[in-house]
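Novice: here is a sequence with its predicted model. Questions after.
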Amino acid sequence: MDEEYDVIVLGTGLKECILSGILSVDGLKVLHMDKNDYYGGDSSSLNLNQLWKRFRGDDDPPEKLGASREYNVDMIPKFMMANGALVRVLIRANVTKYLNFKAVDGSFVYNKGKVYKVPATDVEALKSSIMGLFEKRRARNFFVFVQDFEETDPKTHKGINLETITAKELIAKYELEDDTIDFIGHALALYTDDSYLEQPAMEFVKRMKLYAESLARFQSGSPYIYPLYGLAELPQAFARLSAVYGGTYMLNKPDCKVEFDGEGKAIGVTSEGETAKCKKVVCDPSYLPDKVQKVGKVARAVCIMSHPIPETNDSHSAQVILPQKQLGRKSDMYLFCCSYAHNVAPKGKYIAFVLTEAETDNPEEELKPGVDLLGPIDEIFYETYDRFIPTNASDSDHCYISTSYDASTHFESTVTDVLEMYTKITGKVLDLSVDLSAASAGAEQ
């Protein structure tokens with residue numbers, strides 16, 4: 001281990017694995033270590049015995065739930081936007097050959113006490129029962145503007161400068177109602193709070209277009225895709241990629257200690273009495289606890305069920321977003337459901353998650369609005385985890401620390417963090433102009 005590396009990556013969480021992979025492809029010499037004896041860190045995937053041990057203290061689940069090995073329960077469950085940044089990163093890094101994706105059946109939103117399919121186009125707006133007749137027409141006009149908008153073609157701008165007008169001002173031109181704004185902002189543009197309303201509208205419109213284009217990609221009822229066997233496939237795919245380019249992986253390396261020089265710069269990592277030298281360290285918050293601060297916590301319920309989420313058209317896989325205003329909360333709540341159709345549970349079984357940014361110390365009470373939408377549940381497990389952000393100056397200490405995963409059930413915020421970290425580490429912007437057809441997804445069988 002006594003060698004020198006460009007970068008040492010600590011932790012095999014999804015963010016760390018993506019960075020390790022793309023830095024290896026860039027020609028950097030990378031050593032990747034994990035104190036655990038399994039891939040994934042916080043974003044690991046558990047079989048039924050592991051799930052039972054974690055929440056019930058023993059590994060003896062009831063036989064009626066089926067074989068343990070047929071469960072792949074992702075602890076950070078997130079769907080991927082078909083044309084989104086993560087898929088572009090996967091194609092850019094050429095790891096799609098290690099992965100099999102399947103389209104996700106449904107994308108839904110909670111509005112005025114009911115679950116509705118998210119309308120994403122002018123045609124869907126007219127069909128949707130989420131809005132009244134006059135609101136449908138207004139929403140249709142807005143969707144047509146967004147669909148036709150091309151940044152490089154002024155004729156499609158209708159005299160509106162999206163760099164100077166705010167999202168709120170743009171929406172006001174179409175006189176949309178608050179409930180409509182709620183589902184467009186949170187379930188279509190996938191913002192996690194309402195601060196986007198005061199920002200320039202360009203990003204808002206681009207996010208809506210991404211949703212609609214991703215939806216059109218696989219014609220599946222949602223804009224999302226998900227790997228067969230779950231997200232645990234991703235860290236392993238990036239580990240394989242890194243190895244192809246000369247990266248070195250070491251699991252089960254306890255007490256990984258980052259070493260610093262007299263100026264406070266990271267110069268290496270010591271484990272079991274051996275030190276590997278490096279120029280930069282990339283890690284999750286657990287490896288450098290004195291360089292991060294707690295900013296919140298996520299409450300989650302993990303559920304095993306024998307049916308799909310009710311009111312989701314019998315979707316074997318689905319996301320339901322419950323916007324904060326609909327619940328009188330400060331943060332959105334998310335429902336995630338996947339099943340044997342994605343090989344994450346035995347035949348006839350469904351895995352559902354309810355997640356939100358915790359606003360109280362009582363996850364069972366706080367998650368109740370989401371859990372109540374699930375119908376009968378075979379088993380339910382509750383837990384919370386703390387969310388950390390880095391507080392260090394990475395340009396002076398050469399430590400690049402990822403932020404903890406948020407409660408959202410899609411990857412948009414996760415990839416933003418990875419791309420920002422890549423730029424800090426390399427001084428470059430990752431080129432994401434790729435041929436999207438390199439990632440295909442099978443439809444529901």
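Specialist: Here it is on my side, so go on.

Novice: those helices in the chain, which residues are they?
Specialist: 14-25, 48-56, 85-92, 122-127, 133-148, 167-173, 178-183, 201-218, 233-244, 324-327, 363-366, 368-371, 394-397, 412-426 (DSSP state H).

Novice: right, so of the ones you listed, which gets closest to Asp290?
Specialist: Closest to Asp290 of the helices of the chain is helix 394-397 (Cβ to Cβ; 11.1 Å). C-betas here are computed from N, CA, C, even on glycine.

Novice: who's in contact with the closest one?
Specialist: 260, 264-266, 291, 400-401, 424 (Cβ atoms under 8 Å, 6 or more residues apart in numbering).

Novice: export the residues you listed to a markdown table and append columns for pLDDT and neighbour count.
Specialist: As requested, the contacts of helix 394-397 are exported to a markdown table (pLDDT from 0 to 100; neighbours: other Cβ atoms under 10 Å):
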| residue | pLDDT | neighbour count |
| --- | --- | --- |
| Phe260 | 97 | 14 |
| Gly264 | 97 | 12 |
| Lys265 | 97 | 15 |
| Ala266 | 97 | 23 |
| Lys291 | 98 | 18 |
| Tyr400 | 98 | 23 |
| Ile401 | 97 | 25 |
| Lys424 | 97 | 13 |
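
Novice: in TSV: the helices of the chain, plus distance to Ser306.
Specialist: Below are the helices of the chain laid out as TSV (distance: least, Cβ to Cβ, whole Å):
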stretch	distance to Ser306
helix 14-25	29
helix 48-56	14
helix 85-92	31
helix 122-127	30
helix 133-148	36
helix 167-173	41
helix 178-183	29
helix 201-218	27
helix 233-244	25
helix 324-327	27
helix 363-366	22
helix 368-371	16
helix 394-397	47
helix 412-426	30
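
Novice: mind checking pLDDT for the residue of the chain positioned farthest from its centre?
Specialist: Residue farthest from the centre of the chain, counting by Cα atoms, centre = their mean, is Gly262 at 38.1 Å. With respect to pLDDT, Gly262 scores 95.

Novice: related to what we said a few turns ago, out of the helices of the chain, nearest to Asp378?
Specialist: Between Asp378 and the helices of the chain, the tightest spacing by Cβ to Cβ is seen for helix 48-56, at 11.4 Å.

Novice: my read: Lys15 touches Leu419, true?
Specialist: No - Lys15 is beyond contact range of Leu419, at 10.4 Å (criterion: Cβ atoms under 8 Å).

Novice: so for these two, which sits in the more crowded spot?
Specialist: Taking neighbours as other Cβ atoms under 10 Å, Lys15 and Leu419 compare with Lys15 leading, 26 against 20.

Novice: how about the residue lying closest to Met75 once chain neighbours are set aside, what does it touch?
Specialist: Excluding the flanking residues, the one nearest Met75 by Cβ to Cβ, 6 or more residues apart in numbering is Ser44, at 5.8 Å. By Cβ under 8 Å, 6+ apart, the contact list for Ser44 reads 36, 38, 75, 232.

Novice: any idea which of the helices of the chain gets closest to Asn252?
Specialist: Nearest of the helices of the chain to Asn252, taken as Cβ to Cβ: helix 233-244 at 14.1 Å.

Novice: which neighbouring elements make contact with that closest one?
Specialist: If you count contacts as 3 or more Cβ pairs under 8 Å, 6 or more residues apart in numbering; DSSP states H and E, helix 233-244 packs onto helix 14-25, strand 30-33, strand 248-250.

Novice: CA atoms only: put it into PDB for me.
Specialist: What follows is helix 233-244, C-alpha atoms only, in PDB (Å, rounded to 0.1, in the frame of the first residue of the first chain):
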ATOM      1  CA  GLU A 233     -25.300  -2.400  -9.200                       C
ATOM      2  CA  LEU A 234     -24.100   1.100  -9.700                       C
ATOM      3  CA  PRO A 235     -21.200   1.200  -7.200                       C
ATOM      4  CA  GLN A 236     -20.100  -2.200  -8.400                       C
ATOM      5  CA  ALA A 237     -20.200  -1.000 -12.100                       C
ATOM      6  CA  PHE A 238     -18.000   2.000 -11.300                       C
ATOM      7  CA  ALA A 239     -15.700  -0.200  -9.300                       C
ATOM      8  CA  ARG A 240     -15.200  -2.400 -12.400                       C
ATOM      9  CA  LEU A 241     -14.700   0.600 -14.500                       C
ATOM     10  CA  SER A 242     -12.100   2.000 -12.100                       C
ATOM     11  CA  ALA A 243     -10.300  -1.300 -12.100                       C
ATOM     12  CA  VAL A 244     -10.200  -1.400 -16.000                       C
END
